[in-house]
Each structure stands twice: as C-alpha cells, then as structure tokens.
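**Q** Sharing a model prediction with you, sequence too.
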Amino acid sequence: MSRLSRSILLSTVAASLCFGRGAVAQSDPIQVVASFSILRDMVEQVAGSEATVTSLVGPNGDTHFFSPSPADARRLSNADLLVINGLELEGWMTRLIEASGFDGPIVVATDGIASITYDDHEEHEEHEDHDDHEDHDDHEEHDDHDDEQAGHDNHDHGAFDPHAWQSLKQAAVYVENISTALQKAQPGSADAIASRAAEYSADLAALDAALQSEFAAIDEHCRMIITSHDVFQYFGNEYGLTFVAPQGVSTASEASARDVAELIEQVRDGGVGGIFVENITDTRLIDQIASETGLTVGGVLYSGALSEADGPAPTYRAMIAHNADQLLTSLRAAEESGLCDDHHD
Amino acid sequence: MVELFLQPFLDFDFMRRALFGCVVIALGASPLGVFLMLRRMSLTGDAMAHAILPGAAIGYLIGGLSLSAMTFGGAIAGLVVAFLSGLIARTTMLKEDASLATFYIISLSLGVLIISIRGDNVDLIHILFGTVLALNNDALLLLCAITSATVLALSLLFRLILMESVDSQFLASVSGWGAAAHYAFMALVVFNLISGFHALGSLMVIGIMLLPAVSARFWARSVGHLIVIAVLIAVSASVLGLLASFHFSLPSGPSIILTAGIFHLFSLFFGREGGWLSSYFRILKVKP
C-alpha cells in the first residue's frame, strides 16, 4: 500500500470517527438484502460501512417479473435484515421468504408513506390537479378494499401504486424506515447511522427543492409526457406533470389499439411535451407512436431499476436527477418549438 | 359505417400497419395451417412455436431487441428441432409427435436455463406476446419476405407437399422426395411462426395459423377451396379483431385470435361439411 493511499485511509477512518462522535463500535458489518437496486443504494447510503448490501433484482432488472434462484434464497437465509418496497411490488417475495427460511426483521420501506391508489391516476388525468395530497391520505384507510379493487383493475398488483420512490418526498420516508431498522440491528453505530440518514435526507430534499423550481418554470399547458410504463405518477404529482402510458400499469398487460390511438390523438391536440422510453421495457410501441406523431423519442428514463455503475443512474439520487434532466430538456425544447401552442385555443 | 370500419385505418398509421401485417401473415400462415391439419399435425404448430421461443430469447439477450438477432435465433432453434425430430421419426421407431415433443421441451428448458444464467431479468413477456400495434418498416419487410417465399414454395411444391400430407407412405414408395418435402414444409412452418411472433407474439401466432384452417374444413373439401376459405377467414378475423381492439379498447393480439375463434364456433354449428346443424338435418333426411 502506497503512503498516499494509507494516509487517505487513515484520514477517512479519522473522519468517520469524528463524524460518529467517536462512538463507532467496531462491530462486523451486517448482511442486508434489498429486493431491488434502488433500495440497495438507499441502504448503502444510510449504512455506510455498517452493512454489506446486496439486491435480489440487479441493475436494469424488472422487479415485477423476477424469478428467484436457489442462490437468492441462500443469500436471503444468511441475511440479517431484509428491505422490501411493499405495496405488492414484490409479488414473489412471500414465497421466497418461506422457501429460504429467513426469519430476521423485514423493513417495508413504504410504511407510512402517502400512497396513491390506481384510481387516483384517472382522477388526475381528468382534472389535472396534482397538488392536493390530502385526499391520498384517506385512501390509506381503505386497505380492506384491496381485493375488490385489484379484481376490477387490470393489473397484477394491489390497488396502490407501489412506485413511491419516484417521489423524493416519499423517499425521505424510505430513508427513515431504513435508518430505524439499521439502528436497531447495529445499536453500537446508531448515532452514525442516524446522522448519515439525516444528511442523506437533507441531500434529497435539496434536490427536490431545486427540481420544484425548475419544473415550475415550464408552461402549464406543456406538461404531458408519454412513457412506456405507468410508473411516474408519484414523480408527476410532485412537479405538476402528467404521465400517460400506452400500456397498463404493469409490464404484463398488452396495449389495445384504442389506447394507442388516444395517445396519438392527444399529441395531435397538443400539450404533450415529450415521449420517453425506460430502461426496463420494450420500446417498439413508443417508437411507433413517436414516428406517427413526429415527436422525437427523448432519452432513457430509469424507472424501476438503477443502471450499471458506469451508466447514467448508478445511484438513486443520480437516477432522479438524470430523469429530471431528460424531462426538462424535452419539455423546454417542446415549449420553444411551439409544440404545445395548439392547446391554448 | 365509414366511421366504424374505415376511419380507424384512415386516421392512424399504426392501424394500417397492423392490418397490413395481419393480412400478410394470413396469406402465408393459413395455407400452412391447412396442410398441418391434413397431416394431423395441428399440435405441431404449438410445439414448434415453443421450440422457436428460446432461440429468439437467446437472440434477444445477445443482440437486444433487434429484429435480425431474434429472427436468426428463432430460425436456428426451430429448424434444428424440426430437422432432428423428422430425422429421428424416419430413422428410429419413434413417431414424429413423440420426437418433436422431446425436442421442443429440451429446447424450451435450454432457453429458460440460458436466460436465468445470464441473470438479466429481461422483459420476456413482451417477446412472448409481441404486439401488432408496433410493426415498423423492418418488421413489415420481414413479414413480406417470409410470406412471398412461402407462397412461392407452396406453389412449386404443392403436389409434393400435398401427397406427403395425405399419404406419405405412398409417396415414399414411388419417390425419394418425401423427406425433402417434409423438411421444406417444416422449414416454412418455422419461418411463418417467426414472422407471426414478431406481430402477434409466439403464442398467439398459432391461432392465426390453425383456427382459420380448421374452420375452413367445415365449408370445403378440396385443398384449393380449403386454402382460399382459410385465408379469407384469417383476413376477416384480423380486420374485425383490430376494429374490436380499437372500438372496445381490447388488447389487440387476443382480440384478433378470439375473433378467429368466433368464426370457428360459427363454422362448427353452421358449416356445410359436417357442421353440427348440417349433420343433424342430414340424419333427419335420411331416416324417413
């Protein structure tokens, strides 16, 4: 080891000692398994060196359609802590937990968030009011209607939209839940974990504030985005954007000709500021809609998984920043080109 | 009427593409379905569709969502399975259906294995259920090429394939071309399944191949008539299925195949050749 790297190491250790107010107990890192890459990153940010974190669904993987292997079950059975999203995102998780014999604590990251139901999506598309979050809270008490709503909606998870990480404000709840569980698992490092979580949350809040002001500058009539998969409702609610998708909410449903036609008519009527594909879905349908309407397909949005480490979205924060950047570029270009002007009359 | 039947196609490019794609597939696949039915190999289409799928999936893993990679992979897998099962049926005491069943299962599990080892959790559902609403120029060109080749090959080899279908032992006794006819026919089936799976998905394509052909059996006896009627049913089902998908907001693939299914039920009841009603009346007429 060279002198330089040794001194860097020493100063890092010193810094982390100061940071943890000298209370760092030299306990071994715990093994944490997260269900997918975004949660893995959040846990890593909060846990620091206190935990070794792996995710079951890797970068660019689709969490809806994951089939665990025996190696996954073994990894889970050796884990000290399991972090899942909840809201029925990981439909396969119950069986995997049973199969692996894992009996440690499970963190449901969405515990206590203001969840959106799928019914809200339609309301939002009709009324275009994205700012009243009060009514979302009411829906949390409607748990007992789950089956009923899941039966009549055409998708394979519950009545609630599970993609809450798309909102930086909800992500603060994720961080809180993760931090609480980590502190319980590593009581010796509780202070260090808490302060890292606080710093991370503040970081996310700062990004949120920056994005709020950037999106607020976009023309209100030019805030509709077409994506291939209906997962950006939380993001849209935060910044007053409307996301529409030719498919249902889950990657499993097949588009109808009516859905596609309605989207094309929507673009022809004006108000659509961008068309995007995601890192984990089929792009053919989006390409077809783009070529028929003359829209240019914007960059890739990362929806349910991070990119590889050398990609544009290796961490959760980078992912949100990257998505926002892509969206803003497209919306600004649409505004300048007058694509949305038809909508005014 | 114009509003209901024409407007969707006038207004939307993707509807015209979908219709064109379906008609092209109908022209190639439905005649093959007639021969499959005559050879009592109706289930072969199903097995072959599964045999193609892992090849296409491997192509997808290597080349991404590229038309050529998926077509190439699917064609290799399908041709290998068709050739091996034909070879074994001809050289051992196993019958064609048994050897085909073994090979397509092996091919399918190999595909699942490779995809799992690769670890990427790709969006395979979309490959299994391709969508007719997203046919780009490359896909349409591929469909046209495969259908042209099929029609050409069928017209050149018509007598040979027909004889092989109706009485393969007779053909074997008078000519050595039986095996060649069989392999050529199976190759056509493989290529048509591939073209259909770009448009309708690998599971739905069997519907457009077989349902019209089997329905046609209730209306005609001669092979020529069977083919013409099968193609007509396939085209009508495509048009009506697409319109149903448009007007009632139904997923397009299943909507087309179910329309073909309705044609089949209708033929089953009202068909001239042995449909339930005609059989019933024939009995009444004969008895007195």
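**A** Received it, and whenever you're ready, just let me know what you need.
**Q** Now do the SS call for the residue positioned nearest the centre of chain A.
**A** For chain A, the residue nearest the mean C-alpha position is residue A:165 (3.2 Å; CA atoms, centre = their mean). Of the three states, residue A:165 takes helix according to DSSP: H, G, I helix; E, B strand; the rest coil.
**Q** how about it, what does it touch?
**A** Residue A:165 makes contact with A:38, A:39, A:85, A:109, A:171, A:174, A:234, A:316 under the criterion CB atoms under 8 Å, 6 or more residues apart in numbering or on different chains. Heads up, the C-betas are built off the backbone N, CA and C, glycines and all.
**Q** ok, of those residues, which one's closest to residue B:145?
**A** Distance to residue B:145, by CB to CB, is smallest for residue A:38 among the contacts of residue A:165, at 43.1 Å.
**Q** Any idea how far the longest helix anywhere in chain A is from the middle of the chain?
**A** Determined from DSSP state H, the single longest helix within chain A is helix A:190-216. The chain centre lies 15 Å from the centre of helix A:190-216; the measure is CA atoms, centre = their mean, to the nearest Å.
**Q** What lies in contact with the next helix or strand after it?
**A** Scanning forward in sequence from helix A:190-216 by DSSP states H and E, the next helix or strand is strand A:224-226. Strand A:224-226 has contacts (CB under 8 Å, 6+ apart) with A:232, A:236, A:241-246, A:263, A:266-267, A:271-276, A:286, A:289, A:295, A:327, A:330-331.
**Q** In its sheet, which strands sit next to strand A:224-226, and in what direction?
**A** strand A:242-244 (parallel), strand A:272-278 (parallel) (DSSP bridges).
**Q** my guess is residue A:309 is in a helix, correct?
**A** No: Residue A:309: not assigned to a helix; according to three-state DSSP it is coil.
**Q** before we move on, back to that, which secondary structure elements does the longest helix of chain A sit against?
**A** Applying 3 or more CB pairs under 8 Å, 6 or more residues apart in numbering or on different chains; DSSP states H and E, one finds that helix A:190-216 makes contact with helix A:3-19, helix A:37-47, helix A:168-185, helix A:233-239, helix A:316-337.
**Q** would a markdown table of these with distance to residue B:84 and mean neighbour count be doable?
**A** Below are the helices and strands packed on helix A:190-216 laid out as a markdown table (distance: least, CB to CB, whole Å; neighbours: other CB atoms under 10 Å in any protein chain shown):
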| stretch | distance to residue B:84 | mean neighbour count |
| --- | --- | --- |
| helix A:3-19 | 58 | 11 |
| helix A:37-47 | 41 | 25 |
| helix A:168-185 | 52 | 22 |
| helix A:233-239 | 50 | 24 |
| helix A:316-337 | 47 | 19 |
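**Q** can you list those in TSV and add mean pLDDT?
**A** Converted to TSV, the helices and strands packed on helix A:190-216 look like this (pLDDT from 0 to 100):
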stretch	mean pLDDT
helix A:3-19	52
helix A:37-47	95
helix A:168-185	95
helix A:233-239	92
helix A:316-337	91
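**Q** which stretches of the stretch 51-200 of chain B have low pLDDT?
**A** The model of the stretch 51-200 of chain B has pLDDT under 70 over residues B:65, B:115-130.
**Q** Do a quick rundown of the helices in it.
**A** B:67-91, B:96-118, B:124-128, B:137-156, B:158-166, B:168-174, B:178-199 (DSSP state H, counting those that start in this stretch).
**Q** what's the closest of the ones you listed to chain A?
**A** Chain A lies closest to helix B:124-128 among those, at 4.0 Å (CB to the nearest CB).
**Q** quick one, what contacts residue B:273?
**A** Applying CB under 8 Å, 6+ apart, the residues contacting residue B:273 are B:217, B:218, B:219, B:220, B:221.
**Q** what about residue A:58, how many neighbours?
**A** 17 (other CB atoms under 10 Å in any protein chain shown).
**Q** Next, it: phi, psi?
**A** When read as degrees, to the nearest 10, the backbone of residue A:58 gives phi -80, psi -170.
**Q** okay but it is in contact with residue A:38, surely?
**A** No: using CB atoms under 8 Å, residue A:58 makes no contact with residue A:38, being 11.5 Å away.
**Q** Give me the common contacts of these two.
**A** With CB under 8 Å, 6+ apart as the test, residue A:58 and residue A:38 both reach residue A:305.
**Q** Quick one: residues contacting residue B:142.
**A** Contacts of residue B:142 (CB under 8 Å, 6+ apart): B:67, B:71, B:195, B:198.
**Q** Among those residues, list the two that are farthest apart in space.
**A** B:67 and B:195 (10.7 Å).
**Q** which of these two has more neighbours?
**A** residue B:195 (26 against 16).
**Q** and that one, what is it in contact with?
**A** Contacts for residue B:195 (CB under 8 Å, 6+ apart) come out as B:24, B:25, B:28, B:29, B:142, B:143, B:146, B:147.
**Q** Same question for residue B:102.
**A** Contacts of residue B:102 (CB under 8 Å, 6+ apart): residue B:85.
**Q** repeat for residue A:313
**A** A:279, A:302, A:306, A:307, A:319, A:322, A:323.
**Q** How about residues contacting stretch A:202-212?
**A** Here stretch A:202-212 has contacts from A:168, A:169, A:171, A:172, A:175, A:238, A:239, A:317, A:320, A:321, A:324, using CB under 8 Å, 6+ apart.
**Q** distance of the spatially most central residue of chain B from chain A?
**A** The C-alpha lying nearest the average C-alpha coordinate of chain B belongs to residue B:209 (CA atoms, centre = their mean; 3.1 Å). According to CB to the nearest CB, to the nearest Å, residue B:209 and chain A sit 20 Å apart.
**Q** Now that residue: which helix or strand?
**A** With DSSP H and E as criterion, residue B:209 is part of helix B:205-216.
**Q** tilt between that helix and helix B:178-199?
**A** Comparing the axes of helix B:205-216 and helix B:178-199 via axes from the mean of the first three to the mean of the last three CA atoms, to 10 degrees yields an angle of 120 degrees.
**Q** Can you name every helix or strand that helix B:205-216 contacts?
**A** So helix B:205-216, by 3+ CB pairs under 8 Å, 6+ apart, packs with helix B:13-38, helix B:42-63, helix B:178-199, helix B:223-247, helix B:252-270.
**Q** want to throw these into JSON lines with distance to residue B:91?
**A** Formatted as JSON lines, the helices and strands packed on helix B:205-216 follow (distance: least, CB to CB, whole Å):
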{"stretch": "helix B:13-38", "distance to residue B:91": "23"}
{"stretch": "helix B:42-63", "distance to residue B:91": "19"}
{"stretch": "helix B:178-199", "distance to residue B:91": "10"}
{"stretch": "helix B:223-247", "distance to residue B:91": "29"}
{"stretch": "helix B:252-270", "distance to residue B:91": "37"}
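**Q** Confidence-wise, which helix or strand of chain A is lowest on average?
**A** Least confident helix or strand of chain A, by mean pLDDT, DSSP states H and E, is helix A:146-152 with a mean of 36.
**Q** Would you verify that residue B:218 is located in a strand?
**A** No: checked against three-state DSSP, residue B:218 lies outside a strand; its state is coil.
**Q** per-residue confidence at the spatially closest residue to it that is not a sequence neighbour?
**A** Leaving aside its chain neighbours, residue B:218 sits nearest to residue B:271 (2.4 Å; criterion: CB to CB, 6 or more residues apart in numbering or on different chains). Listed pLDDT for residue B:271 reads 91.
**Q** Tell me which residues touch residue B:271, please.
**A** Counting by CB under 8 Å, 6+ apart, residue B:271 has contacts B:215, B:217, B:218, B:219, B:278.
**Q** As a markdown table, those with pLDDT, neighbour count and distance to residue B:267 would be great.
**A** Output for the contacts of residue B:271, formatted as a markdown table (pLDDT from 0 to 100; neighbours: other CB atoms under 10 Å in any protein chain shown; distance: CB to CB, whole Å):
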| residue | pLDDT | neighbour count | distance to residue B:267 |
| --- | --- | --- | --- |
| B:215 | 96 | 26 | 4 |
| B:217 | 94 | 21 | 8 |
| B:218 | 94 | 20 | 4 |
| B:219 | 94 | 20 | 6 |
| B:278 | 85 | 15 | 11 |
